[in-house]
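Here's a sequence, model it:
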Amino acid sequence: MRSRALLLSLTVLLSGCIIFDKKSEAVTFHQLASPTAVTTRSGPTLYVPRAIIPSALRRPNVVLIDDTGWVRIEDAHRWISPLDRAVSEAAGRHLTSLTGLPSSMQSPAEEHLVLLLTVDKMEVFTPAGPERSIFSIPGTTPNTDTATLQITFRLEKSDGTLLATKTLSQSRPLKERSPNTFAQAQSANLAAISAELVKFLPATASSK
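Below is the predicted model:
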């Protein structure tokens, strides 16, 4: 009796594994592209904690939001890491690559700079179309679909002294409305925003 029960349990477990593997093979993972970051200066470490992101994006799936708030969740497309972490990691690598300053998602013990990022928008803007549907809603772009990223940053010293705060925005055209092109366009947007953000780092300004 015990042997039959054990055999039944193993059969259920193995079946579950097979189903899981089949589902895993159907999932495509995406990440925000960023350069290899090499520290070349001994300036203050830039501490970049996890970004604050809209509630609709707090999931492993790639989420396409249009400019009116409609949400499309892509079950077969997921971020390779949580998006709040991915944004900060990619931004940190961009800033290290551009300035040579060290960056970290862990708070350093020594004096450092703190960069707080809030993702205000991570959306798809669509032109006006003949039909009103989830991705055919009048937007602000007259000719083509675009991926828009808007981030508000707050730069502080480790003692809480405010150094700078500003909202930065970038948009890129989408060749097609797909998770692949969306991730690529948002990677380019984040790179451009990081390049703008460099101007507000005091260590960079003083070195010029």
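
What's the mean pLDDT across stretch 63-82?
For stretch 63-82, mean pLDDT rounds to 88.

ok, and for that stretch, which residues are buried?
Neighbour counts using 16 or more other C-beta atoms under 10 Å place 63-67, 74, 77-79 of stretch 63-82 among the buried residues. Any C-beta I mention is one placed from the backbone N, CA and C, and that applies to glycine too.

And stretch 152-163, by the same measure?
Here stretch 152-163 shows 153, 155-156, 158 as buried, counting by 16+ other C-beta under 10 Å.

Dead centre of the chain: give me the residue that sits there.
Val87 (3.7 Å; C-alpha atoms, centre = their mean).

now that residue, what's its secondary structure?
The assignment at Val87 comes out as helix when based on DSSP: H, G, I helix; E, B strand; the rest coil.

contacting residues around it?
32, 51, 53, 117, 119, 151, 190 (C-beta atoms under 8 Å, 6 or more residues apart in numbering).

Please enumerate the helices of the protein.
With DSSP state H as the criterion, the chain has helices at 2-25, 83-99, 179-197, 202-206.

Let's have the buried residues of stretch 152-163 in CSV, adding pLDDT and distance to Thr36.
Below are these laid out as CSV (pLDDT from 0 to 100; distance: C-beta to C-beta, whole Å):
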residue, pLDDT, distance to Thr36
Phe153, 98, 23
Leu155, 97, 24
Glu156, 96, 27
Ser158, 93, 27
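
could you dump those to JSON lines with distance to Leu98?
Formatted as JSON lines, these follow (distance: C-beta to C-beta, whole Å):
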{"residue": "Phe153", "distance to Leu98": "15"}
{"residue": "Leu155", "distance to Leu98": "15"}
{"residue": "Glu156", "distance to Leu98": "20"}
{"residue": "Ser158", "distance to Leu98": "21"}
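
Figure out how far the lengthiest strand in the chain is from the centre of its chain.
In the chain, taking DSSP state E as the definition, the longest strand is strand 112-125. Taking C-alpha atoms, centre = their mean, to the nearest Å, one finds strand 112-125 lying 9 Å from the centre of the chain it belongs to.
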